[in-house]
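S.K.: Generate a structure from the sequence data that follows.
(one chain, ligands or ions: 1)
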Amino acid sequence: MASAGSPDQFPAEGLPEIAFLGRSNVGKSSLINALVGRKLAFTSNTPGRTQTLNFFRVNGLYNFVDLPGYGYAEVSKDRLQEWKQLIERYLLRRRTFVLAILLLDARRGWMERDLELKRWLELQDRRFLVIAAKMDKLKTQSEQRRVLDSIRKEGVEPVLFSAMTGRGVREIWQAIPKILESP
Ligand code: GDP
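M.R.: Numbering: from 1, shown residues only. Here you go, the predicted structure:
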């Protein structure tokens, strides 16, 4: 629908929006593509490239919004400031924003900026769903269990996902209306 580098480029508010958040290179684009079953979002090996919000029409119920990843932008204070302004403007003011999908790299679990974001979403009383991405990188059951336990320590139940194997796609589609309908 649109690729916005600044708030004045956001498209008009319409359908409810599901926003995808996570560190650069965590696999947001791959998740979006896996959920819709085709290549909507561009994946890349170069972290921190997209500094735009990308709005996608997905079905007649929601739109998806791919937010620029965090982490790598922090090499420059100016870039970080720009990122914060753009993201906050969206998350604070967008009336059609209904759900955040927060991706964690399954190999790392919670990192500092992920936790900051989670706490901020909680403070703002926002609904969010946590995804443990790239699960295929964890080869053994015990590694998988360890990561799951560490993510649960923050009081959330993540959906385990892999864009490589398709694990978790159905669970995420099932979780979305459940969260949106919960009181
Ligand atoms: P984004 O920057 O968060 O949008 O991340 P991308 O979707 O572009 O993915 C970053 C890199 O991780 C790419 O090289 C992807 O191929 C790779 N990747 C993404 N998801 C997975 C996954 O589930 N498993 C594995 N093994 N690699 C993945």
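S.K.: Within range of the ligand, give me the residues from this protein.
M.R.: Applying C-beta under 6 Å from any ligand atom, we find that the chain lies next to the ligand at 22, 24-30, 43-45, 69, 133-134, 136-137, 162-164. Just so you know, the C-beta spots here come from the backbone N, C-alpha and C atoms, and that holds for glycine as well.
S.K.: Can you say which of those are buried?
M.R.: In the residues of the chain next to the ligand, burial by neighbour count holds for 22, 24-30, 69, 133-134, 162-163, counting by 16 or more other C-beta atoms under 10 Å.
S.K.: low-confidence ranges in this protein?
M.R.: Regions of the chain meeting the criterion pLDDT under 70 cover residues 40-50, 72-75.
S.K.: all strands of it, in order?
M.R.: In chain order, the chain shows strands spanning 2-4, 17-22, 53-57, 63-66, 97-105, 128-133, 159-160, with DSSP state E as the criterion.
S.K.: Output those as JSON lines; include the columns distance to Leu86.
M.R.: Formatted as JSON lines, the entries for the strands of the chain read as follows, by distance: least, C-beta to C-beta, whole Å:
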{"stretch": "strand 2-4", "distance to Leu86": "8"}
{"stretch": "strand 17-22", "distance to Leu86": "12"}
{"stretch": "strand 53-57", "distance to Leu86": "7"}
{"stretch": "strand 63-66", "distance to Leu86": "12"}
{"stretch": "strand 97-105", "distance to Leu86": "13"}
{"stretch": "strand 128-133", "distance to Leu86": "19"}
{"stretch": "strand 159-160", "distance to Leu86": "27"}
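S.K.: Select, out of those strands, the one closest to Ala34.
M.R.: For the strands of the chain, distance to Ala34 was read as C-beta to C-beta. The smallest value, 10.1 Å, belongs to strand 128-133.
S.K.: Can you work out which other helices and strands pack against the closest one?
M.R.: Packed against strand 128-133 by the contact rule (3 or more C-beta pairs under 8 Å, 6 or more residues apart in numbering; DSSP states H and E) you find helix 28-36, strand 97-105, helix 112-123, helix 141-152, strand 159-160, helix 169-181.
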